[in-house]
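Engineer: Structure here, sequence nowhere to be found:
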């Protein structure tokens, strides 16, 4: 059973065009862009997709990434954003 908080590929707007781009990018650059040690299995948005109000306005590069580096970068960005919000007076 799918839980309501779990996002699907469709809800994240990962359509067939995105999957084709991902396949080509991972085939052309098999190593992780960030650590250069592991095989890339995911694509990382640089700058992060969450840094834009509307994902359709995203302008940046797609980088081949291993799961560990991609998760680490996402967590770092999320933690920094939460910390900035917590420490602000507005």
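Structural biologist: Yep, it's here. Bear in mind the structure is a predicted one, so any value in this text is a computation, not a measurement.

Engineer: what's next to stretch 60-76, contact-wise?
Structural biologist: 21-22, 25-26, 29-35, 37-48, 50 (Cβ atoms under 8 Å, 6 or more residues apart in numbering). C-beta: built from backbone N, CA, C; applies to glycine.

Engineer: Which ChimeraX command selects the buried ones in these?
Structural biologist: Burial among the contacts of stretch 60-76 is assessed by 16 or more other Cβ atoms under 10 Å; the matching ChimeraX selection reads:
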select :22,25,26,32,33,34,40,42,43,44,45,48
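
Engineer: So which of the contacts of stretch 60-76 are in strands?
Structural biologist: Members of the contacts of stretch 60-76 lying in strands (criterion: DSSP state E): 42-46.

Engineer: tell me the angle of the biggest helix by length in the chain relative to strand 42-46?
Structural biologist: Ranked by residue count and defined by DSSP state H, the top helix of the chain is helix 67-87. When axes from the mean of the first three to the mean of the last three Cα atoms, to 10 degrees is applied, the directions of helix 67-87 and strand 42-46 differ by 40 degrees.

Engineer: and helix 67-87, which residues are buried?
Structural biologist: Buried residues in helix 67-87 (16+ other Cβ under 10 Å): 69-70, 73-74.

Engineer: Tell me how far the closest residue to residue 44 other than its chain neighbours lies from residue 59.
Structural biologist: Among residues not flanking residue 44 along the chain, residue 65 sits closest, at 3.9 Å (Cβ to Cβ, 6 or more residues apart in numbering). Using Cβ to Cβ, to the nearest Å, residue 65 is found at 19 Å from residue 59.

Engineer: Which of these two has more residues huddled nearby?
Structural biologist: The residue with more neighbours, out of residue 65 and residue 59, is residue 65; 27 against 6, by other Cβ atoms under 10 Å.

Engineer: Dihedrals phi and psi, the more buried one?
Structural biologist: Per-residue torsions, residue 65: phi -140, psi 150 (degrees, to the nearest 10).
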